[in-house]
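K.L.:
Predicted structure and sequence below. I'll ask about it afterward.
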2 protein chains.
Amino acid sequence: MDPDSLAKAFVEHYYSTFDTNRGGLASLYQDASMLTFEGQKIQGSSNIVAKLNSLPFQQCNHSISTVDCQPSGPAGGMIVFVSGNLQLAGEQHALKFSQMFHLMPTPQGSFYVLNDIFRLNYA
Amino acid sequence: MDPDSLAKAFVEHYYSTFDTNRGGLASLYQDASMLTFEGQKIQGSSNIVAKLNSLPFQQCNHSISTVDCQPSGPAGGMIVFVSGNLQLAGEQHALKFSQMFHLMPTPQGSFYVLNDIFRLNYA
């Protein structure tokens, strides 16, 4: 699979899991994984999923506007940069967001999220 | 210097150089550097600066809203994620943008930009 297709597939998987089964994201993170969510730093799969589960909305829907990707160096990682809209249940207007993921290869030939930074753009 | 201070210093240097002397950004990139600018992929310091110089505005001013950073792995790199406003000369409204940089250490103890992804948010 070429990097752009891989990035798109990851992004679709990530947000569909977020929107339907947030706890299922745990398998995408490891102990070394870092999330910075609106400036708050969280480390480790279980802490990250606890944070995502604690967000003050239960139902949401991400729609993706753009996905960019680049290889991140000799270790075989990939940077994925996303912009999109986040629609919260019961809210009239969607929120714009930007998010970047740094994916690193696993020995099993898959990827995990080493770096994750999320920001709302307050449009 | 701690990572957050380093990231802020880099960001201030990058955008003040962009706004006053765009060609001066060349020293921050190397041959392996990648820029994805609004979906267009460019590689190498000279090609990247040529692209930045070819943008259809001569005068601009970046103002920074947020800077997030994380270490990117054992190679000593750092991911810097920026959101802000881009004011073009003669335009009434600023454009919102998001940009990420993946900085890698140089043998001289400095950093260069390996990955650079820029997107306007069209707010």
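P.N.:
Noted; the coordinates are in hand. Numbering: from 1, shown residues only, chains lettered A, B, ... in the order given.
K.L.:
Establish whether the lengthiest helix in chain A and chain B are in contact.
P.N.:
What stands out as the longest helix in chain A, according to DSSP state H, is helix A:3-20. No. Using Cβ under 8 Å from any Cβ of the partner chain, helix A:3-20 stays clear of chain B, with a minimum separation of 9.7 Å. (Glycine included, C-beta is placed from N, CA and C.)
K.L.:
Quick check: can you name the pairing partners of the next helix or strand after that helix and their directions?
P.N.:
Scanning forward in sequence from helix A:3-20 by DSSP states H and E, the next helix or strand is strand A:29-37. Sheet pairing of strand A:29-37 (DSSP bridges) gives strand A:40-43 (antiparallel), strand A:111-120 (parallel).
K.L.:
what's next to strand A:29-37, contact-wise?
P.N.:
A:41-45, A:48-49, A:51-52, A:112-118, B:68, B:70-71, B:81 (Cβ atoms under 8 Å, 6 or more residues apart in numbering or on different chains).
K.L.:
buried subset of these?
P.N.:
Burial by neighbour count, judged by 16 or more other Cβ atoms under 10 Å in any protein chain shown, picks out A:42, A:45, A:48-49, A:52, A:112-118, B:68, B:70, B:81 from the contacts of strand A:29-37.
K.L.:
what are the bridge partners for the residue nearest to A:Pro71 when sequence neighbours are not counted, then?
P.N.:
Counting by Cβ to Cβ, 6 or more residues apart in numbering or on different chains, the nearest residue to A:Pro71 once its immediate chain neighbours are dropped is A:Met78, at 5.9 Å. Counting by DSSP bridges, A:Met78 is bridged to A:Pro71, A:Leu103.
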